[in-house]
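J.: With the input below, show me the fold.
(2 chains)
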Amino acid sequence: DAKTTQPPSMDCAEGRAANLPCNHSTISGNEYVYWYRQIHSQGPQYIIHGLKNNETNEMASLIITEDRKSSTLILPHATLRDTAVYYCIVRANAGNNRKLIWGLGTSLAVNP
Amino acid sequence: NAGVTQTPKFRVLKTGQSMTLLCAQDMNHEYMYWYRQDPGMGLRLIHYSVGEGTTAKGEVPDGYNVSRLKKQNFLLGLESAAPSQTSVYFCASSSHGKTSLGANVLTFGAGSRLTVL
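T.: Model prediction:
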């Protein structure tokens, strides 16, 4: 599974959009981009994933560049409860998750 | 649905003691995993299982054993605890990922914080 690069930390004002970038320049054609987040002391929580089209769900939007080498997770109206570490992971959709590489993610601080 | 449940949530051990962490999932997932998380490091896979009765080593298996006698349960054992095993342990599960979008999402438990003195 491909490795990803994320900024270690970001700040965002409450109510504003939070845009979290992720570089995955070595992504393969069959690999998806997954985003998880981990609120302090809790287990990671799935947010969203996509292959090449932009995706949106009730939590966030995922924008993937046309060459698929980078993506952006968008939290449209960040709240204090969105303060967490956000992980970007790329992997093929089938098979087990034993090869996932969990980096340190981006620590997002949403400020009042 | 309870999802993934880990017990206990907290435990303090003395060096050399043994213990077992229990993970239970009610989603009928085929795959189950045990991770550890330490400050300044990402999640690291200890052991995993692709089905009932099967287990395999992950990235950091030394000092741990696992068993999956029932599909819904995955046990992590420490036979002789060491201070280096002080960590937060997370169990997770996922389906086989051969079906539609979203089929390969990891669902995590709330974590078990272990301190070895």
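J.: can you give me the end-to-end distance of stretch A:35-43?
T.: The straight-line separation of the ends of stretch A:35-43 (C-alpha to C-alpha, to the nearest Å) is 14 Å.
J.: ok, now which ones touch residue 57?
T.: Assuming you mean chain A. When contacts are counted by C-beta atoms under 8 Å, 6 or more residues apart in numbering or on different chains, residue A:57 touches A:47, A:48. Every residue, glycine included, has its C-beta placed from N, CA and C.
J.: right idea, wrong chain: chain B
T.: residue B:47.
J.: And the pLDDT at it?
T.: The confidence metric pLDDT takes the value 93 at residue B:57.
J.: Show me what it is bridged to.
T.: Beta-bridge pairing of residue B:57 under DSSP bridges involves residue B:47.
J.: Likewise for residue B:22?
T.: residue B:7, residue B:75.
J.: was I right about it contacting residue B:70?
T.: No - Residue B:22 is beyond contact range of residue B:70, at 11.1 Å (criterion: C-beta atoms under 8 Å).
J.: ok, these two, which is more surrounded?
T.: Under the neighbour definition other C-beta atoms under 10 Å in any protein chain shown, residue B:22 and residue B:70 were set side by side, and residue B:22 has more, 15 against 11.
J.: Please report how far the more buried one lies from residue B:77.
T.: Counting by C-beta to C-beta, to the nearest Å, the separation of residue B:22 from residue B:77 is 10 Å.
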